[in-house]
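Asks: sequence and predicted model, in that order:
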Amino acid sequence: MSLKLGIKQKLSLIFFLFFLIFSGTVSILLFNVQRMVETTEKIVIKNNKIDEFTEILKASLLDMDANHKKLKILKKDRYSEYFEQAEKRFEGALDQAVHLSTSAKSGDKIWRELEYSYTRHRTGLWDDGTPPEIGSKWVTEQVVSRWIVLISQAKRQNQQEIERALRGLNERSSISARNGLYGFFISIVVGFVGIWFITRSILTPLKTLAKALKRISIDKLHQSITLKGGEEFNELAASYNDMSRQLNEEENIRNEFIATLSHEIRTPLSSIGESVNMITEEVFGPINDKQRKFLKIASVEIKRIKKLLNYLLNVSVLESDVRKKKSARLGTRQLVQSSVEIFASFAEKKKVTLAVNDTGECPDLYGVREELQQVFVNLIGNAIKFSPEGGSVMVSWMKDKRKNFLLFQVSDTGPGIADDELTLVFTKYYRTKTARGHLDGVGLGLAISRKIVASYGGMILVTNNESSGCTFSFTLPTRPLG
C-alpha cells in the first residue's frame, strides 16, 4: 500500500526538514562555540595565571637567596626584611599556583613536589616573630637549584598546555567553520530540492490546469486532465473534468440543435424563395409595381436568412470530427487577390481603400481553397465593414517564425476592439459592443475563421493598432499537413 501525501503534508515535511537542518547546524555550532569558550577561559584564568606565578616564584626565590647572601656578608637587618618580603611573595604565589593546578588537575605533581620540598625545608628556618640569626637558617644551593628546576618544569608544562589548548581552539574553529559550510550547503541543496518539489507538485499542476482552462475559454477544446501532486489536486482535476464534460455535452447538444434547426428551416425557406422568384418572374400572371417592390424585399430577406443559415451549418460541419480534408497546393497570391476582388465594389461603395502589400516572396499554401478563402473573406469583410468612410484596409504576408508557415495580416483603421473583448471576439455568437444593434451578423465569422486556421495547425489573434483600428494575424502552412 503506497503512502500518498497531500500538499499540506508535503509542505509540512519540507518545513520539518528545513527546521531539522537549521536546528542541527545551530546546535553543533553552539556546542563548538561553548567548547571554544571553555578553552579560552581555561587559558585566560588558569594557564596565564600559572605562567605569571612561575615568574613570581622564580624571581622571589632568587631574591630570597640573594638577600640571604647579602645578609650573611653585610650583616644588615634590612636584608632580613627584604628576605621576608620575598618569602611572602613566594609563598603567596606558590599557594595560588598549587590551588589552580589542583582544580585543573594538570601539573599537580610538580607543584605538590615543590610545595612539599619548600614546607620541609621551611620548618626551622625562621621562628615566627623572631628575627633569624644573621647568616644562618637558609637552604643550600642545591635545594635552591632544585626548586628553580621544578618551577621551570611547571612553566614548561604550562606552556605546553597553552599550546595544546590553542591547537584545540584552532581545530574547534575549523570544525565549526566546516560544519557551518556543510549546513549552508545542505540548506542550499534542500532549498533547491524544495523549489523543484514545489514547482513539480504545485506549479506544474496549476500550469496544466491553466492551459486546460485556456483551451476551454479560447479554443473550446474539452479534454480530460490528470493532476499529480496530492489529494487536493486530484479533487481539483475531477471537478474540472466534470465541468469540461458538462460543457462539452451542452456544446454538442447546442450544435446538433442548431444544425437540425438550420436544416429544417432551410428546406421550406428554399421553397418560399423559389415561389417568390416564380411570382416575381410572372409565371402565375402579371404583377404590378407595388407587388414587385414587396416581392423584391422578401427575396432579399430570404437570401439574408439563407446566408445566416449557411453560417450556422458551416459551424456545425467544422465542429464535426468526420470532416475530411482534401488539401491541394494553392497559389497564395492568387488566393489573396481573388478574396480582395470579392470586396472591391463593397470597398469602393463605402469609400474605403483596399490594398495588398505584395512583398514579392510568396510560397504556395496547402489546404482546401474554399476553407482558406473563407478565412480571408471573413476578415477582409469585417475590416471593411468596421472601417469609417475614407479609411483603409491592408492585406499583407510574410514568413512566420515557425518553419513552413506564412503569417498573414489584415489591418483596418476602424474603432478597434476594447481590451476586455480581445479574447472574446473568436467566441461563437459573440459580437462586440460597438457592433451590437446596428451591424448585420450573428458573431460566427471569426469563430469559423479560428476553427479553420486551427485545423491547419495555425494560430489567429487580434491586436489593436497604435493609431487606430486593429490587425488580425493568422498563420497557414506552406507544406502538406501530417
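Replies: Nice, thanks for sending it over.
Asks: please make it C-alpha for all contacts and neighbour counts, starting now.
Replies: OK.
Asks: next, the residue nearest to Asp412 when sequence neighbours are not counted: secondary structure please.
Replies: Distance criterion CA to CA, 6 or more residues apart in numbering; nearest residue to Asp412, sequence neighbours excluded, is Val393 at 4.5 Å. Three-state call for Val393 (DSSP: H, G, I helix; E, B strand; the rest coil): strand.
Asks: what is the burial count for Val393?
Replies: By other CA atoms under 10 Å, 22 other residues sit near Val393.
Asks: again, but for Ser449
Replies: 24.
Asks: need the mean per-residue confidence for the helix or strand containing Ala355.
Replies: In the assignment (DSSP states H and E), Ala355 maps to strand 353-357. For strand 353-357, the mean per-residue pLDDT is 89.
Asks: that strand pairs with which strands?
Replies: Strand 353-357 has these partner strands in its sheet, going by DSSP bridges: strand 392-399 (parallel).
Asks: what does the partner strand contact?
Replies: Outside of strand 392-399, the residues within contact range by CA atoms under 8 Å, 6 or more residues apart in numbering are 352-359, 361-362, 380, 383-384, 387, 405-413.
Asks: for stretch 337-349, same thing?
Replies: Thr353, Leu354, Val356, Gln373, Phe376, Val377, Ile380, Gly381, Ile384.
Asks: kindly recompute the last result at 7 Å.
Replies: Thr353, Leu354, Gln373, Phe376, Val377, Ile384 (CA atoms under 7 Å, 6 or more residues apart in numbering).
Asks: who wins for most neighbours among those residues?
Replies: Ranked by neighbours (other CA under 10 Å), the contacts of stretch 337-349 are led by Ile384, which has 26 neighbours.
Asks: any idea how far it lies from Ser187?
Replies: Applying CA to CA, to the nearest Å, the value for Ile384 to Ser187 is 63 Å.
Asks: kindly report the same for Arg167.
Replies: Noted for Arg167: a distance of 30 Å to Ser187, by CA to CA.
Asks: of the two, who's got more company?
Replies: Applying other CA under 10 Å to Arg167 and Ser187 shows that Ser187 carries more neighbours, namely 18 against 12.
Asks: where does that one fall, secondary structure wise?
Replies: Here Ser187, judged by DSSP H and E, is contained in helix 141-198.
Asks: for the helix or strand following that helix, buried residues please.
Replies: Going down the chain from helix 141-198, the next helix or strand is helix 204-214, by DSSP H and E. Residues of helix 204-214 classed as buried by neighbour count (16 or more other CA atoms under 10 Å): Thr204, Pro205, Leu206, Leu209, Ala212, Leu213.
Asks: C-terminal to the strand holding Ala355, what's the next element?
Replies: Moving toward the C-terminus from strand 353-357, the next helix or strand (DSSP H and E) is strand 365-367.
Asks: mean confidence for that next one?
Replies: The average pLDDT within strand 365-367 is 88.
Asks: and the next helix-or-strand element following that strand, how far from the chain's centre?
Replies: Using DSSP H and E, the helix or strand that directly follows strand 365-367 along the chain is helix 369-386. Computed by CA atoms, centre = their mean, to the nearest Å, the chain-centroid distance of helix 369-386 equals 43 Å.
Asks: now for helix 369-386, which elements pack on it?
Replies: Other helices and strands packing on helix 369-386, by 3 or more CA pairs under 7 Å, 6 or more residues apart in numbering; DSSP states H and E, are helix 332-342, strand 405-412, helix 445-455.
Asks: will you turn those into CSV that also has distance to Glu141 and mean pLDDT?
Replies: Formatted as CSV, the helices and strands packed on helix 369-386 follow (distance: least, CA to CA, whole Å; pLDDT from 0 to 100):
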stretch, distance to Glu141, mean pLDDT
helix 332-342, 124, 89
strand 405-412, 112, 91
helix 445-455, 115, 84
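Asks: Leu30: which of the ones you listed is closest?
Replies: helix 445-455 (64.9 Å; CA to CA).
Asks: so what touches that closest one?
Replies: In contact with helix 445-455 (CA under 7 Å, 6+ apart) are residues Val315, Leu318, Glu371, Val375, Asn378, Val425, Phe426, Thr427, Lys428, Met459, Ile460, Leu476.
Asks: rank these by pLDDT and give me only the lowest.
Replies: Where pLDDT dips furthest among the contacts of helix 445-455: Leu318, at 59.
Asks: what number of residues lie near Phe83?
Replies: 22.
Asks: how about stretch 451-459: buried residues?
Replies: In stretch 451-459, counting by 16+ other CA under 10 Å, buried: Lys451, Ile452, Val453, Ala454, Tyr456, Gly458, Met459.
Asks: next one: stretch 18-34
Replies: Phe18, Ile21, Thr25, Ile28, Leu29, Asn32, Val33.
Asks: which residues touch it?
Replies: Stretch 18-34 is contacted from outside by Arg172, Ser176, Gly180, Gly183, Ser187, using CA under 7 Å, 6+ apart.
Asks: at 6 Å what do you get?
Replies: Ser176, Gly183 (CA atoms under 6 Å, 6 or more residues apart in numbering).
Asks: export it to PDB, keeping only CA atoms.
Replies: Output in PDB follows, covering the C-alpha atoms of stretch 18-34 (Å, rounded to 0.1, in the frame of the first residue of the first chain):
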ATOM      1  CA  PHE A  18      14.500  22.900   7.000                       C
ATOM      2  CA  PHE A  19      13.900  23.100  10.700                       C
ATOM      3  CA  LEU A  20      15.900  19.900  11.400                       C
ATOM      4  CA  ILE A  21      18.800  21.100   9.300                       C
ATOM      5  CA  PHE A  22      18.700  24.600  10.800                       C
ATOM      6  CA  SER A  23      18.500  23.400  14.400                       C
ATOM      7  CA  GLY A  24      21.100  20.700  13.900                       C
ATOM      8  CA  THR A  25      23.600  23.200  12.400                       C
ATOM      9  CA  VAL A  26      22.900  25.700  15.100                       C
ATOM     10  CA  SER A  27      23.300  23.100  17.800                       C
ATOM     11  CA  ILE A  28      26.600  21.900  16.500                       C
ATOM     12  CA  LEU A  29      27.800  25.500  16.200                       C
ATOM     13  CA  LEU A  30      26.700  26.300  19.700                       C
ATOM     14  CA  PHE A  31      28.400  23.200  21.100                       C
ATOM     15  CA  ASN A  32      31.700  24.100  19.400                       C
ATOM     16  CA  VAL A  33      31.400  27.700  20.500                       C
ATOM     17  CA  GLN A  34      30.800  26.500  24.000                       C
END
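Asks: what mean pLDDT does that stretch get?
Replies: Here the average pLDDT along stretch 18-34 is 73.
Asks: tell me the secondary structure at Thr427.
Replies: Taken by three-state DSSP, the conformation at Thr427 corresponds to coil.
Asks: how near is it to Lys451?
Replies: With the distance defined as CA to CA, Thr427 ends up 10 Å from Lys451.
Asks: next: Val193.
Replies: 43 Å.
Asks: try Arg120
Replies: 116 Å.
Asks: what do you get for Trp147?
Replies: Trp147 is 109 Å from Lys451, by CA to CA.
Asks: what does Ser392 give?
Replies: Ser392 is 27 Å from Lys451, where distance means CA to CA.
Asks: what's near enough to touch Ile287?
Replies: By CA under 6 Å, 6+ apart, the contact list for Ile287 is empty.
Asks: same check, this time on Gly331
Replies: Applying CA under 6 Å, 6+ apart to Gly331 gives the contacts Asp364.
Asks: and Tyr430, how many neighbours does it have?
Replies: So Tyr430, with other CA under 10 Å, has 19 neighbours.
Asks: and if you look at Asp95?
Replies: Asp95 has 13 nearby residues by other CA under 10 Å.
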